[in-house]
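Novice: take a look and give me a structure for this.
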Amino acid sequence: MTQDPATPSARSQSSEQALGLAIHTSTPHLGLALGCESSSLKQSVEELGRAMSNQLQTQLMDFIAPQAWTALDFLAVARGPGGFTGTRLGMVTMRTLAQQLDIPLYSISTLAAVAHRYWSEAQVSTEQAIALDMRAQRGQRFTALYQWEAGLPQAIIPDQVCLPEDWSQMLEEQAHQPHLITIEADAAQAIGSLWKMAQLRYHQGDRPHWETAQPFYGQHPVTL
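Specialist: Purely as a prediction, here's the structure:
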């Protein structure tokens, strides 16, 4: 039976032992995180590249063992921006799982997760906004500007794709200079933050239905 988007799951709504699984497939690295609390979070980041589609199911089954799928209370997925095929693969996989298990699915920006990691590791003060910049195709950039609000990144400039000069102009128009981060290393390293953001929302009572989870591609993979 399909759960109504406005109706919470029948599972525990506030248990501190809620078990969550997070997945990142938007880049050549597969990021996975599983646990009930951040202090004992199980994490894995592995470069799969083009083998992602062939190995994802096996990797997921090996990673979650010995837990049963039915033990999960919530799911989280990186919605992009990133590669078209990988982002779509992760989104379809997690939407299917959330539908079958009847549990919440948190669709979280790849860029927001990176910003959260910098704040949570005290690399950037939570008083300072973070501007993120990641390479896209055809000379463009994936960009966003986030501020810290009650433990979660809140968008000042939502995820977008634009030319470098346009992004520079947007930042010049900001009243306060943000901390600039150009994502060179793989964004999958922020898988722990992806999980933490979902866990916080879960404990706040937010229960997004799987149908609300949508990918952010930013660019069409083919230019005519």
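Novice: could you use CA atoms for every contact and neighbour count after this?
Specialist: Noted.
Novice: low-scoring stretches of the protein, by residue?
Specialist: By pLDDT under 70, the low-scoring segments of the chain are 1-16, 219-224.
Novice: residues contacting residue 55?
Specialist: Listed by C-alpha atoms under 8 Å, 6 or more residues apart in numbering, the contact partners of residue 55 are residue 48.
Novice: in a helix, it, correct?
Specialist: Yes. Under DSSP: H, G, I helix; E, B strand; the rest coil, residue 55 falls within a helix.
Novice: what's the first helix or strand after the helix or strand where residue 114 lies?
Specialist: Residue 114 is part of helix 110-120, with elements assigned from DSSP states H and E. Note on helix 110-120: by DSSP H and E, the next helix or strand toward the C-terminus is strand 130-135.
Novice: so how far is that following strand off the chain centroid?
Specialist: Put simply, strand 130-135 sits 15 Å off its chain's centre (C-alpha atoms, centre = their mean, to the nearest Å).
Novice: can you list the strands that whichever helix or strand comes after it pairs with?
Specialist: Downstream of strand 130-135, the first helix or strand assigned by DSSP H and E is strand 141-149. With DSSP bridges as the test, strand 141-149 is paired with strand 130-135 (antiparallel), strand 152-162 (antiparallel).
Novice: what angle do helix 110-120 and the longest one make with each other?
Specialist: Okay, so that is strand 152-162. Here strand 152-162 runs at an angle of 140 degrees relative to helix 110-120 (axes from the mean of the first three to the mean of the last three C-alpha atoms, to 10 degrees).
Novice: what's the next secondary structure element after strand 152-162?
Specialist: Next along from strand 152-162, by DSSP H and E: helix 164-172.
Novice: what separation do you get for residue 163 and residue 169?
Specialist: When distance is defined by C-alpha to C-alpha, to the nearest Å, residue 163 is 10 Å away from residue 169.
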